[in-house]
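> sequence and predicted structure below; questions after.
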Amino acid sequence: MEKFVFGPVPSRRLGQSLGIDPVPLKTCNWNCVYCQLGRTRSFATQREAYINQEEILHQTKSALQNHAPGEIDWVTFIGSGETCLHSDLGTMIRAVKDLTALPVAVITNGSLLSLPEVREELLPADAVLPTLDAGNAETFKAINRPDHSLTFQRHLEGLIQFRKVYKNQLWVEVMLIAGLNDHEEQLRDIAKSLDRIHPDEIHILQPTRPPAETWVHPPDGGALKLAQTILGKTSKTILPAQGVFDLDNNEGDLVNAIVGIITRHPMKESELLEALSQWPSTDIAETLEALRLSGKAQVVLRYDTRFWSAYGTHFPLDKSDQ
């Protein structure tokens, strides 16, 4: 059975996060240069019930029942693409809130917040984490590479309108890319846009997972300090998450448990080895070989580091690989 609920996994903001993935890999309307799920090969622009919500909720309930208090900090809707493309997202958020007292977060690129129905669906969430990587249309296109129907102005206005009605925690993510949006002029443009949104927090991120494009690199320390200064007192630099990935899917199928995570959250090989070391009586070499032979996983090399990712992801080797 395909798994749509995974983890808990260590999150940079949400502690140990139980993930709920409501869309297939890779169902997205952006093609971000830094995406840890590789390139978007075909844009998805229509909201649909991509995955049966009853199955998602069944798996969520099972995962919650099989973890002791304290093992999960947040329940997080995070898609193998754009989360809000699932047309039943609002119903699922409310249903999860009925299942547990744990806080519920939604990680989204924010591209569909221009739609009143999407804004309404997200209102019950305890935190919403949308993206704003640019303060102008040119940089928006260069970094997020959206479907042609999704303009920068539409994106910004959607965030502004959502803030007007959303009363819980709005944490806007800004992913900094060396040479694209990490110099003063670009940062001041982003700050002007954020001033119109009024988020509760601004989270400054840097790519630490395998980016779609080989030329994407994180900013240096000076650029990070400059960003925090310009983006203001509500901004914070989010460091890489620390913690162990939970591979226990209660079915004894270790390979599928790994695939369930790396489909949404590619893992450094060192992280995978650490997670496997927690599994009793596991022959790690045999498990990695079984994973390789499964046809469900691949190794991606970025930053001189081996990452395990889902087989269906597309990571070009260099700029010429189109």
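Received the coordinates, thanks. Residues are numbered from 1 along each chain as shown.
> number of residues surrounding the closest residue in space to Pro103 that isn't next to it in sequence?
Setting aside the residues directly before and after it, Pro103 is nearest to Asp126 in space (Cβ to Cβ, 6 or more residues apart in numbering), at 3.9 Å. Any C-beta I mention is one placed from the backbone N, CA and C, and that applies to glycine too. A count of neighbours around Asp126, defined by other Cβ atoms under 10 Å, yields 15.
> Asp126 reaches Gln169, doesn't it?
Yes: in terms of Cβ atoms under 8 Å, Asp126 counts as a neighbour of Gln169; the distance is 6.5 Å.
> what about the residue nearest to Pro103, distance to Arg292?
Distance of Asp126 to Arg292, computed by Cβ to Cβ, to the nearest Å: 39 Å.
> also Ser111?
In this structure, Ser111 and Arg292 are separated by 35 Å, where distance is defined by Cβ to Cβ.
> can you list the weak-confidence ranges in the stretch 51-200 of the chain?
Applying pLDDT under 70 to the predicted model, the stretch 51-200 of the chain contains no residue that meets it.
> so which residues of it form strands?
Ranges of strands in the stretch 51-200 of the chain, per DSSP state E, counting those that start in this stretch, are 74-78, 104-107, 127-129, 169-175.
> now those strands as a markdown table including mean neighbour count and distance to Ala223?
Putting the strands of the stretch 51-200 of the chain into a markdown table (neighbours: other Cβ atoms under 10 Å; distance: least, Cβ to Cβ, whole Å) gives the following:
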| stretch | mean neighbour count | distance to Ala223 |
| --- | --- | --- |
| strand 74-78 | 24 | 27 |
| strand 104-107 | 24 | 24 |
| strand 127-129 | 24 | 22 |
| strand 169-175 | 22 | 12 |
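> closest to Val299 out of those?
Each of the strands of the stretch 51-200 of the chain has some distance to Val299 by Cβ to Cβ; the shortest is strand 74-78, at 22.8 Å.
> walk me through which strands the closest one pairs with, and which way each runs.
strand 15-20 (parallel), strand 104-107 (parallel) (DSSP bridges).
> export the longest one as PDB, just CAs?
Below are the C-alpha coordinates for strand 15-20, written out as PDB (Å, rounded to 0.1, in the frame of the first residue of the first chain):
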ATOM      1  CA  GLY A  15      10.300  19.600  15.900                       C
ATOM      2  CA  GLN A  16       9.400  16.000  15.200                       C
ATOM      3  CA  SER A  17       6.800  16.400  12.400                       C
ATOM      4  CA  LEU A  18       4.300  13.800  11.200                       C
ATOM      5  CA  GLY A  19       4.000  14.500   7.500                       C
ATOM      6  CA  ILE A  20       0.800  14.200   5.400                       C
END
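> turn the strands of the stretch 51-200 of the chain into JSON lines, columns for distance to Trp215.
Putting these into JSON lines (distance: least, Cβ to Cβ, whole Å) gives the following:
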{"stretch": "strand 74-78", "distance to Trp215": "26"}
{"stretch": "strand 104-107", "distance to Trp215": "25"}
{"stretch": "strand 127-129", "distance to Trp215": "26"}
{"stretch": "strand 169-175", "distance to Trp215": "15"}
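> higher neighbour count, Ser111 and Arg292?
Counted by other Cβ under 10 Å, Ser111 and Arg292 do not tie: Ser111 has more neighbours, with 26 against 14.
> list the residues that contact the more buried one.
With contacts defined as Cβ atoms under 8 Å, 6 or more residues apart in numbering, the neighbours of Ser111 are 29-30, 82, 84, 146, 150, 155, 158.
> likewise for Cys28?
Residues in contact with Cys28, defined by Cβ under 8 Å, 6+ apart, are 35, 37, 40, 43-44, 79, 81-82, 85, 109.
> can you rerun that using 6 Å?
In this structure, Cys28 makes contact with 40, 81-82, judged by Cβ atoms under 6 Å, 6 or more residues apart in numbering.
> quick check on those residues: which are buried?
Applying a neighbour-count criterion of 16 or more other Cβ atoms under 10 Å, the buried members of the contacts of Cys28 are 40, 81-82.
> what is the nearest of these to Thr214?
Once Cβ to Cβ is applied, the member of the buried ones among the contacts of Cys28 that ends up nearest Thr214 is Thr40, at 16.5 Å.
> how about the closest one: what's its closest non-neighbour residue?
Leaving out its chain neighbours, the residue that sits closest to Thr40 by Cβ to Cβ, 6+ apart is Asn31, at 4.0 Å.
> the closest residue to Pro130 other than its chain neighbours: neighbouring residues, count only.
Once its chain neighbours are removed from consideration, Pro130 has its nearest residue in Gly110; the separation is 3.0 Å (Cβ to Cβ, 6+ apart). Around Gly110 there are 25 other residues, counting by other Cβ under 10 Å.
> please report the distance of Gly110 from Ser17.
The span separating Gly110 from Ser17 equals 19 Å under the rule Cβ to Cβ.
> same question for Lys268.
Lys268 is 18 Å from Ser17, where distance means Cβ to Cβ.
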